[in-house]
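> Give me coordinates for this.
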Amino acid sequence: MSLSALWDVPAPAKLNLFLHVVGQRPDGYHLLQSALNLIDWCDNLHFERRQDGQLARHDLGARLPEVDLCLRAARALQQASGSTLGADISIDKRVPWGAGLGGGSSDAATTLLALNRLWGLHWPRQRLQALALALGADVPFFVGGDNAWVEGIGERLTPLALPRQWLAVVKPEQAIATAAVFGNPMLRRNSEPVILAGFIAHAARSGSEADPGGDGAAAERVDGGLSGFGRNDLQPVAEQLCPEVSQVAHWLAARFGNSRMSGSGSAVYASAGTGDQALATWDETELPPHWLGRMCRSLAHHPLRAWAD
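Next comes the predicted model:
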């Protein structure tokens, strides 16, 4: 029996455990190296199949731009597949925009995966990823279903098995546009490439040094956890554009002993251990006004990983 609707479909956010800009192509696209880790901070989407071919988005929370990545993804899949079906897409937006958490890209990837299922297309994952790349650098990652080592402009993905970890994520009031960061002349664009084996060795050490008992003995070792590898080349520029990024970084570092900005947005996170309980946390009353924060857990895989082969 064919599906008529898909309810409560998650679109998880991601964190860049490091992000190096290693070059720039003649067409202006930046060449990157990064490790992306999915987290359990998710948008929630609902899809209802339409027979008239129309595509409509309904915002259940904050109003989104008239044509966002989600609608662009739906239209791209409809055109590429030749499907005569449409959909009503409702979004409960929970992941903040302009935070570097990949919320819009994740919504687009979830839309591709959900409509592929709802319309009975049965496209393989690789075909969906090829379509995803035209939508944005992070969209193929979310379609891929695994945490990943990412290179090129986002199209070269190597799945990673990462230890589960706790992450304190805080976004200040101000958002940062990706174009403003990558277009800044002060951005470092010539970082030396690093090798995957080095990151894997670092990840193995981070996992083995966890303190499952949470007795505080490992607190000194939470020096960035998985994110203790490398740096985020975009952070110095982002701190110039948005001084609150630096304030959040210092606020988290004072509580967790480490901090790093994710992606090109204004959200900053801190590793807080890999055991059953976080080694540290914060009381809700501690968070400054207008800052949005949450204690997150990393995910081993995308919740929709089984929706494509």
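> So, low pLDDT: which residues of this structure?
When the per-residue scores of the chain are filtered using pLDDT under 70, the ranges that remain are 1, 67, 207-224.
> need the strands for it, in chain order.
Taking DSSP state E as the criterion, the chain carries its strands at 5-24, 30-50, 55-59, 86-92, 148-152, 156-159, 166-171, 260-261, 268-271, 292-297.
> What would the last one look like as CSV? C-alpha coordinates only.
The one in question is strand 292-297. Listed next in CSV are the C-alpha coordinates belonging to strand 292-297 (Å, rounded to 0.1, in the frame of the first residue of the first chain):
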residue,chain,number,x,y,z
LEU,A,292,19.8,29.8,23.2
GLY,A,293,21.5,26.7,24.7
ARG,A,294,21.1,23.0,25.0
MET,A,295,23.0,20.0,26.2
CYS,A,296,23.1,17.6,23.2
ARG,A,297,24.2,14.0,22.6
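> what residues does it touch?
The list of residues contacting strand 292-297 from outside it, by CB atoms under 8 Å, 6 or more residues apart in numbering, reads 13, 39-41, 96, 164-171, 269, 272, 278, 281-282, 287. (Glycine included, C-beta is placed from N, CA and C.)
> circling back: tell me which of the strands of the chain sits most buried.
With neighbours taken as mean count of other CB atoms under 10 Å, the strands of the chain reach their highest mean count in strand 268-271, at a mean of 29.
> from the middle of its chain, how far away would that strand be?
For strand 268-271, the distance between its averaged C-alpha position and the chain's averaged C-alpha position is 13 Å (CA atoms, centre = their mean, to the nearest Å).
> Look up the residues forming beta bridges with residue 294.
Under the criterion DSSP bridges, residue 294 forms beta bridges with residue 169.
> ranges for the helices of the stretch 101-250 of the chain?
For the stretch 101-250 of the chain, applying DSSP state H, counting those that start in this stretch gives helices covering 103-118, 125-133, 139-144, 178-182, 196-208, 235-241, 243-256.
> Distance of residue 69 relative to residue 291?
25 Å (CB to CB, to the nearest Å).
> Which of the two has more residues huddled nearby?
Here residue 69 and residue 291 are compared on neighbour count by other CB atoms under 10 Å; more neighbours surround residue 69, at 22 against 15.
> Verify the stated contact: the more buried one with residue 137.
No - here residue 69 does not reach residue 137: they are 11.6 Å apart, not a contact under CB atoms under 8 Å.
> Can you get me a residue count around residue 245?
26.
> about what we covered before: so what's in contact with residue 69 and residue 137 at the same time?
With contacts taken as CB under 8 Å, 6+ apart, the residues that reach both residue 69 and residue 137 are residue 105.
> Just the CA atoms of stretch 62-74, as PDB, please.
Only the C-alpha atoms of stretch 62-74 are listed here, as PDB (Å, rounded to 0.1, in the frame of the first residue of the first chain):
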ATOM      1  CA  ALA A  62       9.000  30.900  13.100                       C
ATOM      2  CA  ARG A  63       8.300  32.100   9.600                       C
ATOM      3  CA  LEU A  64      11.000  30.900   7.100                       C
ATOM      4  CA  PRO A  65      12.000  32.600   3.800                       C
ATOM      5  CA  GLU A  66       9.500  32.200   1.100                       C
ATOM      6  CA  VAL A  67      11.700  29.800  -0.900                       C
ATOM      7  CA  ASP A  68      14.000  28.000   1.500                       C
ATOM      8  CA  LEU A  69      16.300  25.000   0.900                       C
ATOM      9  CA  CYS A  70      13.400  22.600   1.800                       C
ATOM     10  CA  LEU A  71      11.200  23.800  -1.100                       C
ATOM     11  CA  ARG A  72      14.200  24.000  -3.400                       C
ATOM     12  CA  ALA A  73      15.000  20.300  -2.600                       C
ATOM     13  CA  ALA A  74      11.400  19.300  -3.200                       C
END
